[in-house]
Structures are given as C-alpha cells and as structure tokens.
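Peer 1: Next comes the sequence, and after it the predicted model I'd like to discuss.
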Amino acid sequence: MSIEGDVILVYYQGKPSVYARIELIEPDIKKDWYHLTLLILTVPARTVTWILREEYINGAPFTMGGTPMRLEEVKKLPLEREREEDGGKKVPGKPATVIPFKKT
C-alpha cells in the first residue's frame, strides 16, 4: 500500500493529469475503504480527500462519477548517478553544472 509522503500521478480518463502527494491515509467506517487525503501539486496547491479501496490506492482503475481514474506511484530517482567505465567498473557520474541566474 502507498504510504504518506509518496508522490503519485493521477490519471484522468486514461491520461496522466496531475501530480499529488499523499498527506494522510485513514480507515473509513466501511471495511476495506480508506480516506485518502492528497495535496494536489498545482498552482495554487489544494487538498482533496477521496474515499477509496486499498486496491485503488495501489493502482487499480476506478471511476468517480462515471469518469475513469487511476493512481500511479512516481518512482524516486537515485540521487547518485553512476556511469560505466571500460571494463564494467562503475564510478560516480559527472557532477551537475550549476548555472546562476544573473540580471544583465
């Protein structure tokens, strides 16, 4: 099951629509249903609470008002990138270049 703090991608009508962060997962009074509070990462950001089953939180398709929806966890990228040298030995990748923003 996804956990609080996970970033997800919300699919609306089969297409990726918006990113959100899971803020809170609480059990509903109905067995096997949960209150899923999401911080929708838009400008301005907003909070919504949906009542979903565990399988919907984990990526199974569902509908809201007849509209197809799906949640997909966003995988975290590794912080340290590695590149392969000749011989298969892995060495740390080249560090990123910082480009300052200066007024001209």
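Peer 2: Looks like it came in fine.

Peer 1: Give me the helix or strand of the chain that scores worst on average pLDDT.
Peer 2: Least confident helix or strand, the chain: strand 82-84 with a mean of 53, by mean pLDDT, DSSP states H and E.

Peer 1: what's the longest strand belonging to the chain packed up against?
Peer 2: For the chain, the longest strand by residue count, based on DSSP state E, is strand 15-27. On a contact count with 3 or more Cβ pairs under 8 Å, 6 or more residues apart in numbering; DSSP states H and E, strand 15-27 meets strand 7-12, strand 33-40. Heads up, the C-betas are built off the backbone N, CA and C, glycines and all.

Peer 1: Tell me which residue is most central in the chain.
Peer 2: For the chain, the residue nearest the mean C-alpha position is Ile8 (1.9 Å; Cα atoms, centre = their mean).

Peer 1: which ones are touching the residue lying closest to that residue once chain neighbours are set aside?
Peer 2: Distances taken as Cβ to Cβ, 6 or more residues apart in numbering put Leu71 closest to Ile8, at 5.0 Å, once the chain neighbours are dropped. Leu71 is in contact with 2, 8-11, 56-59, counting by Cβ atoms under 8 Å, 6 or more residues apart in numbering.

Peer 1: Also Lys103?
Peer 2: Contacts of Lys103 (Cβ under 8 Å, 6+ apart): none.

Peer 1: Secondary structure class of it, three-state.
Peer 2: Assigned with DSSP: H, G, I helix; E, B strand; the rest coil, Lys103 falls in the coil class.

Peer 1: rewinding a little: quick one: which of the helices and strands packed on strand 15-27 is nearest Phe101?
Peer 2: Between Phe101 and the helices and strands packed on strand 15-27, the shortest separation by Cβ to Cβ is 26.2 Å, and it involves strand 7-12.
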